[in-house]
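> Using only what follows, build the 3D model:
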Amino acid sequence: MKKQFAHIFGLIVKILLIIMNFLAGFILTRFTISKFAAWPVSVAAFEDMAKPLGIDPTFFRIGTGFVIGFAMLAFFVNCLILVFKKEGHGNFLRLFAFNSLYGLGAMLGALFAEFFLRTEVKWMLVYYATGIIIVALANLATHYKVILNALRGDPPPANRRNLSAETPRGRVL
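This is a model prediction of the structure:
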């Protein structure tokens with residue numbers, strides 16, 4: 001009964017992570033498009049934020065578009081890793097961790113820009129960034145033990161061999 005409950009709970013968590021990663025990617029798609037398509041609201045925002053830095057607002061907007069666009073792809077890739085059950089494999093797990101950390105960093109940067117570069121904070125953007133940070137932290141929190149092992153180079157628990165087991169010739173290692 002306990003194993004069955006754990007399996008069902010794990011499945012629910014996985015489904016929620018898939019949905020949350022998809023929504024994070026979908027939300028970031030809108031912001032990526034607005035930066036590359038030079039929507040007037042985006043152009044005005046980056047003119048405002050570029051003044052304290054003393055840089056070209058167009059360069060700042062396009063550069064941020066690439067940063068946010070990569071974060072968008074990272075969350076969609078995380079969604080695919082979860083759907084195709086690849087989060088237990090070392091390389092996919094490293095990619096999953098990197099994507100989550102990248103998304104976390106990109107959104108922390110967005111919050112920094114929102115609070116310290118804008119003349120007036122747009123709270124809806126703060127809420128979006130905070131939600132995406134929560135998704136990235138949930139990704140990391142649900143896989144933290146396996147991520148730490150993968151970063152150290154240890155194989156996942158399912159792929160580890162018992163080193164004290166007998167070999168085919170009957171010798172003990």
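
> where does the chain have low pLDDT?
The chain contains residues with pLDDT under 70 at 86-88, 150-151, 153-173.

> quick one, helices of it?
If DSSP state H is used as the criterion, the helices of the chain fall at 2-36, 40-53, 57-83, 90-116, 123-142, 144-152.

> would a markdown table of those with mean neighbour count be doable?
Yep, even glycine has a C-beta here, placed from its N, CA and C like the rest. As requested, the helices of the chain are exported to a markdown table (neighbours: other Cβ atoms under 10 Å):
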| stretch | mean neighbour count |
| --- | --- |
| helix 2-36 | 15 |
| helix 40-53 | 15 |
| helix 57-83 | 19 |
| helix 90-116 | 18 |
| helix 123-142 | 17 |
| helix 144-152 | 14 |
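
> show me the contacts for the residue lying closest to residue 77 once chain neighbours are set aside.
What sits nearest to residue 77 in space, not counting adjacent residues and going by Cβ to Cβ, 6 or more residues apart in numbering, is residue 99, at 5.8 Å. Counting by Cβ atoms under 8 Å, 6 or more residues apart in numbering, residue 99 makes contact with 74, 75, 77, 78, 139.

> Of those residues, which pair is most distant in space?
For the contacts of residue 99, with distances taken as Cβ to Cβ, the pair at the greatest spread is 77 and 139 (11.4 Å).

> how about the nearest residue to residue 102, chain neighbours excluded?
Computed as Cβ to Cβ, 6+ apart, the closest residue to residue 102 that is not its neighbour in sequence is residue 74, at 5.3 Å.

> which residues does the most centrally placed residue in the chain contact?
In the chain, the C-alpha closest to the average C-alpha coordinate belongs to residue 100, at a distance of 2.6 Å (Cα atoms, centre = their mean). Contact criterion Cβ under 8 Å, 6+ apart gives 74, 78, 136, 137, 139, 140 as the residues in contact with residue 100.

> a markdown table please, covering the contacts of residue 99 and showing distance to residue 6.
Shown next, in a markdown table, are these (distance: Cβ to Cβ, whole Å):
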| residue | distance to residue 6 |
| --- | --- |
| 74 | 29 |
| 75 | 27 |
| 77 | 27 |
| 78 | 23 |
| 139 | 20 |
